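Novice: Okay, here's the prediction I keep looking at, along with the sequence it came from:
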Amino acid sequence: MKISTKQAHFSSPLYLESGRILEPYTIAYETYGELNEEKNNAILVCHALSGSHHAAGIYEGDKKAGWWDGLIGNGKAIDTQRYFVICANVIGGCFGSTGPMSQNYPSQELFRLKFPVITIKDMIRSQMHLLSYLGIYKLKAIIGGSMGGMQALQFGVDYPNLSEHIISLAATYATRPWTIAFNKVAMEAIRRDPRFANGKYAKDAFRQEGLDGLAIGRIAGHISYLSPHSMDKKFGRNYVSNDGLFELFGRYEVERYMEYNTANFSRFFDPLSYLYIIKAINTFNLSRGYDSLHDAISRIKAKTHLISFSSDYLFFPEEMEHIARMMKQNDQDVFYQEIKSDYGHDAFLVEIDRFENTIKEILAN
């Protein structure tokens, strides 16, 4: 599989939903496979909160594959021998696209908290500029899970003639208070960490030791991504073997798991980017800018495929089913599937075998 990692630099203004303007700006992106002469075999993959443009393959000298490597590649459900796959790091991210730790042109200072609030609409508008930059004006499919699924749906509403298929997994039509509350834990943990210094920390300041506030906030995220059943199955009530049961800070295995994974995450993900991206998730609402949710959804012309997971406690299956029911009432082309899973929200990343054949059939047809 051919992997190409690049940056696209734009001097034209990006008009944001808030009324502010981002100019200039950069989008980091990765492509897999080859674009055919007709330029009609392109698939856009949209990443979730903690993802990046590195969706598949392994970099030279690295051990960890891209976040959806099980789905994207030669002979896989998104077959890079047939399709030209594009994945962009969202605006506001911290993996090469313009974000809060980028230079606030024309000054030499970094944006930090002066960076504008970004929405899902802004993310897809910037990706439209990227597609135009690549000379691509029609897509075979747009696919994503969680925040990536939000982007896929927003593309379908705002740019109804862009893609033949919209495939959204583990997403919603509008972020509900339950999810906003989980994100509030992360936001407050980061803000109240003295080392966060109101966003005035040095660039890459936490590469060695991480930021405790982000690690704590990420624990709340991890809880929402899993399910009680998956935690029982993965950890049970097992206790760390060299910790004493009657030591105050002795740990169960689930506690050690949370400590280890969130501490690692806080070393490579920028806390300001995390704040801006969860803000984008919190403000997501397909109906904003339209008369109603029905009005927004009725704009979708693509064949729409909605996949939810039965144990998803972040974006409940009923939220995706609501979109499907509304589209069916409008006689729009929609397919809805609730996958029985005990894993929780992160099933869209982990249990690829549950839906890869569905993706393959969608693209084949």
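Specialist: Ah, there it is. Numbering: from 1, shown residues only.

Novice: Pairing partners for the closest residue to Val85 other than its chain neighbours in the sheet, please.
Specialist: Of all residues not flanking Val85 in the chain, Tyr32 sits nearest, at 4.3 Å (Cβ to Cβ, 6 or more residues apart in numbering). Quick note: C-beta positions are derived from backbone N, CA and C, even for glycine. Beta bridges link Tyr32 to Ile3, Val85, judged by DSSP bridges.

Novice: Same question for stretch 189-206: list its buried residues.
Specialist: Ala189, Ile190, Asp193, Phe196, Gly199, Tyr201, Ala205, Phe206 (16 or more other Cβ atoms under 10 Å).

Novice: hmm, who's touching the helix or strand hosting the second one?
Specialist: Here Ile190 is covered by helix 177-191, with elements defined by DSSP states H and E. Helix 177-191 is touched from outside by 172, 196, 211-214, 216-218, 220-221, 223-224, 271, 274-275, 278, 281-282, 313-315, with contacts defined as Cβ atoms under 8 Å, 6 or more residues apart in numbering.

Novice: Now do the residue nearest in space to the middle of the chain against Val90, distance only.
Specialist: In the chain, the residue lying closest to the centroid (Cα atoms, centre = their mean) is Ala48, at 1.0 Å. Ala48 is 10 Å from Val90, where distance means Cβ to Cβ, to the nearest Å.

Novice: again with Arg267
Specialist: Distance of Arg267 to Val90, given as Cβ to Cβ: 21 Å.

Novice: In terms of neighbours, single out the busier of those two.
Specialist: Neighbours were counted for Arg267 and for Val90 using other Cβ atoms under 10 Å; Val90 has more, 32 against 15.

Novice: What's the local residue count around the closest residue to that one other than its chain neighbours?
Specialist: Among residues not flanking Val90 along the chain, Met123 sits closest, at 4.6 Å (Cβ to Cβ, 6+ apart). Met123: 27 surrounding residues under other Cβ under 10 Å.

Novice: that's a strand at Met123, yeah?
Specialist: No: assessed with DSSP: H, G, I helix; E, B strand; the rest coil, Met123 is helix; it does not lie in a strand.

Novice: what's it in contact with, if anything?
Specialist: By Cβ under 8 Å, 6+ apart, the neighbours of Met123 are Val90, Ile91, Gly92, Gln151, Ala280.

Novice: In the residues you listed, find the pair that's most separated.
Specialist: Maximum pairwise distance in the contacts of Met123, criterion Cβ to Cβ, is 12.5 Å, between Gly92 and Gln151.

Novice: can you give me the helices in this structure?
Specialist: With helices called from DSSP state H, the chain shows them at 120-133, 147-158, 177-191, 212-225, 228-235, 253-268, 271-282, 293-297, 317-329, 347-350, 356-364.

Novice: a markdown table please, covering these and showing mean pLDDT and distance to Tyr25.
Specialist: Conversion of the helices of the chain to a markdown table gives the following (pLDDT from 0 to 100; distance: least, Cβ to Cβ, whole Å):
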| stretch | mean pLDDT | distance to Tyr25 |
| --- | --- | --- |
| helix 120-133 | 98 | 7 |
| helix 147-158 | 98 | 17 |
| helix 177-191 | 97 | 24 |
| helix 212-225 | 95 | 24 |
| helix 228-235 | 95 | 39 |
| helix 253-268 | 94 | 22 |
| helix 271-282 | 98 | 14 |
| helix 293-297 | 98 | 26 |
| helix 317-329 | 98 | 31 |
| helix 347-350 | 97 | 28 |
| helix 356-364 | 96 | 31 |
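
Novice: Buried deepest among these, which one?
Specialist: Highest mean neighbour count among the helices of the chain (mean count of other Cβ atoms under 10 Å): helix 147-158, with a mean of 27.

Novice: Could you dump the buried residues of stretch 189-206 into a markdown table and include distance to Met327?
Specialist: As requested, those are exported to a markdown table (distance: Cβ to Cβ, whole Å):
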| residue | distance to Met327 |
| --- | --- |
| Ala189 | 38 |
| Ile190 | 37 |
| Asp193 | 43 |
| Phe196 | 43 |
| Gly199 | 41 |
| Tyr201 | 45 |
| Ala205 | 46 |
| Phe206 | 43 |
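
Novice: Max pairwise distance over these: which two?
Specialist: Spanning the widest gap among those are Ala189 and Ala205, at 16.7 Å by Cβ to Cβ.

Novice: got the contact list for stretch 311-331?
Specialist: Contact with stretch 311-331 is made by 146, 153, 168, 170-173, 176, 178-179, 182, 224-225, 227, 229-230, 293-294, 297-298, 300, 304, 306-310, 333-336, 338, 341-345, 347, as judged by Cβ under 8 Å, 6+ apart.

Novice: Break the protein into its domains for me.
Specialist: When the chain is parsed with automatic domain parsing, its domains come out as 3-175+286-364, 179-280.

Novice: Thanks a lot, catch you later.
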